[in-house]
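Asker: Need the 3D shape of this:
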Amino acid sequence: MTKQWNVTVDGEPYTVGIEMTPILGKLTVTINGESFPLPPKFLTCLFGRKERLMLGEKLALLVIKPLMRADIVVGGKYVESGEDYTG
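Answerer: Numbering: from 1, shown residues only. Modelled structure (predicted):
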């Protein structure tokens, strides 16, 4: 699974992408072209996972929900929908 977001934080644009294998949970996060492999978490496709990311000086959260739905949360809001994060 791959997904990409374009995020603006404090006026700075960021391109955040993920590449993940569902069963083994291998995850690589790319921020503005720089890749960060994260430790695998087995069965991420069933249980989901959350990872913290820094976009500039601001903390962001990568939320992977069961069935491989992924979102980025910045400042308590989902990036694409603007919906409040409660989790």
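
Asker: Next up, phi/psi of T44, please.
Answerer: phi -60, psi -30 (degrees, to the nearest 10).

Asker: quick one: it and E80, what's the gap?
Answerer: Going from T44 to E80 by C-beta to C-beta, to the nearest Å gives 21 Å. C-beta coordinates here come from the backbone N, C-alpha and C atoms, glycine included.

Asker: between these two, who's got more neighbours?
Answerer: T44 (22 against 11; other C-beta atoms under 10 Å).

Asker: Tell me what V9 is bridged to.
Answerer: E12 (DSSP bridges).

Asker: Contacts only, for it.
Answerer: Applying C-beta atoms under 8 Å, 6 or more residues apart in numbering to V9 gives the contacts 55-56, 58, 60, 74.

Asker: Let me have those residues in JSON lines, adding pLDDT as columns.
Answerer: Shown next, in JSON lines, are these (pLDDT from 0 to 100):
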{"residue": "L55", "pLDDT": "95"}
{"residue": "G56", "pLDDT": "92"}
{"residue": "K58", "pLDDT": "94"}
{"residue": "A60", "pLDDT": "96"}
{"residue": "V74", "pLDDT": "93"}
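
Asker: Out of the residues you listed, which is nearest to P22?
Answerer: When the contacts of V9 are compared for distance to P22 (C-beta to C-beta), A60 wins out at 22.3 Å.

Asker: what are the bridge partners for the closest one, then?
Answerer: L53, V74.

Asker: ok, it to T8 distance?
Answerer: From A60 to T8 the distance is 12 Å (C-beta to C-beta).

Asker: Between those two, which has more neighbouring residues?
Answerer: More neighbours surround A60 than the other of A60 and T8, with 22 against 11 (other C-beta under 10 Å).

Asker: By neighbours, which of the contacts of V9 wins?
Answerer: Result: A60 is most packed of those (other C-beta under 10 Å), 22 neighbours.

Asker: unless I'm mixing things up, it is touching K77, no?
Answerer: No: under the criterion of C-beta atoms under 8 Å, A60 makes no contact with K77, lying 10.5 Å away.

Asker: Okay, strands next: where are they in the protein?
Answerer: Counting by DSSP state E, one finds strands in the chain at the ranges 2-9, 12-20, 27-31, 34-38, 49-55, 58-65, 69-74, 77-78.

Asker: I am finished for the moment; much appreciated.
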